[in-house]
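Student: Would you be able to build a 3D model of this:
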Amino acid sequence: MAAQDPTSFHPTPPPTFIDDKSPHCIPFIISQLHTYQSQLPQGSTRPFIIGLNGVQGAGKTTLVSALSQTLRGTEGLETLVLSIDDLYLTREQQVNLAGEHADNKLVQHRGEPGTHDMTLARSVISSLLSNKETKIPSYDKSQLSGLGDRAHVSTWQTVNTPSSPPIRVIILEGWCIGFRSLLPSVLSTKFTSPSLTLQNHSLSHLEFVNESLRDYDVLTDEYDAFIHIDAEDTRWVYEWREQQEAALRREKGKVMSEEEVRTFVDGYFPAYELYVEGVRGGVLKEKGEGRQLRLVVGRDRKVKEVIKI
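Tutor: Residues are numbered from 1 along each chain as shown. Sure thing, here's the model as predicted:
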C-alpha cells in the first residue's frame, strides 16, 4: 500500500483534542519564573518574557490558555499573551510590499518573515518592558474573505493603565517565534539541498526573507524562557491548517478554501525548512542551559518526546 502524502488534506474533522502539553510546560515555566524572580535586580519591574513557538494546529492555543490562566491564578501575575500574528502588516501595507517585490512569491501574502510590522513590534515591546501604558495590536484573519487585516486601533486592548494591574509576564507566541536569520553560506547550503519548497523560489527571494528576519531579534533577544512545540514531520501543518480553516468556516462563514490554504501554507513553509533546525538547537543557549523545553508531537498532536535544552 502506498504511503500517504503528508501534505494531503483530510475531510474528516481532527480527533478530540486532549491537552497533554500543559503537564510538561507549566511546571517548567513556573520553575523558570521563580529563578528569574530570585535573580531580578532590586527595584526592577521588568516583565518575565516567554517565547512560545508552535507549529500551527499542534495545540499551541490550548497550551497558551492554560499557561496564562495558571500564571494569573496560581502565581497572581498579570499576564499578557501577544501573538506574532497580531503584528502582521496591514492589508494595504501587505499589498504595497507584494507590489514592490512582484516576482517574489514569498511576500505576496502574509506569512513569511518580512510580512510583519517590526516597527510596531519594536514600539510595543519597548513600551511593555518600560511598564508604560500600551495598546496591544490585534489582527482579524477573517476580514476580506480570509485575506485578513489589522483590526481598528479602537478595538485594541490597553494594558498597564493606572486602573489596571501591571503586566508581569508576557507570552510571545507564534509559528515563527524564535527563528533567527542564517549566515549566507548556510542559507546557500540549505537552498541546494533536497527540500519540499525551497527550490520553488530563487535564492535572492529567500535572501530577502532571511535579511528581514534580522529585525525579529528585537523580540527573540528578550526571551527569558522558551517553549517549542515541534512536529515529527512539519509537513503535517498542511493538514492541521486546513482543519483550523474548516472550523473558521463553520464559525465565521467563508474564509480560505482548501486550495487557498495549500497556497497559503506553501507561502510560509520555506521558513520551516530554513529555520526550525535552529530552534531545535536552542534559542537561549547564550543565556544558559535549561531555559528551553521542546515537545515533539506526532500526527495525532500527542506528545511523543520532551527535551530540555
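Student: longest helix anywhere in the chain?
Tutor: Scanning the chain for the longest helix, with DSSP state H as the assignment, gives helix 258-281.
Student: centre of the chain versus that helix, how much separation?
Tutor: 12 Å (Cα atoms, centre = their mean, to the nearest Å).
Student: Show me what counts as buried in that helix.
Tutor: 260-262, 264-276, 279-280 (16 or more other Cβ atoms under 10 Å). For the C-beta atoms, the positions are set from N, CA and C on the backbone; glycine is no exception.
Student: what's the neighbour count on residue 212?
Tutor: As a burial measure, residue 212 scores 19 neighbours (other Cβ atoms under 10 Å).
Student: my bad, residue 303
Tutor: 18.
Student: Likewise for residue 145?
Tutor: Neighbours around residue 145, by other Cβ under 10 Å: 12.
Student: same question, residue 142
Tutor: Neighbours around residue 142, by other Cβ under 10 Å: 17.
Student: Give me the nearest residue to it, chain neighbours excluded.
Tutor: Spatial nearest neighbour of residue 142, excluding adjacent residues (Cβ to Cβ, 6 or more residues apart in numbering): residue 252 at 4.7 Å.
Student: Can you check the pLDDT for that neighbour?
Tutor: Residue 252 carries a pLDDT value of 73.
Student: I figured it hits residue 140, correct?
Tutor: No: contact criterion Cβ atoms under 8 Å: residue 252 and residue 140 do not qualify, at 9.7 Å.
Student: The stretch 101-250 of the chain: strands as residue ranges?
Tutor: Ranges of strands within the stretch 101-250 of the chain are 134-136, 139-140, 149-150, 157-159, 169-174, 225-231, based on DSSP state E, counting those that start in this stretch.
Student: can you redo the ones you listed as CSV with mean pLDDT and mean neighbour count?
Tutor: What follows is the strands of the stretch 101-250 of the chain, written out as CSV (pLDDT from 0 to 100; neighbours: other Cβ atoms under 10 Å):
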stretch, mean pLDDT, mean neighbour count
strand 134-136, 98, 18
strand 139-140, 96, 18
strand 149-150, 96, 21
strand 157-159, 98, 14
strand 169-174, 97, 23
strand 225-231, 97, 24
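Student: and of these, who's closest to residue 115?
Tutor: With Cβ to Cβ as the criterion, residue 115 lies closest to strand 139-140 of the strands of the stretch 101-250 of the chain, at 11.2 Å.
Student: That closest one: how far from the chain's middle?
Tutor: 15 Å.
Student: Now do it: which elements does it pack against?
Tutor: Contacts defined by 3 or more Cβ pairs under 8 Å, 6 or more residues apart in numbering; DSSP states H and E place strand 139-140 against strand 149-150.
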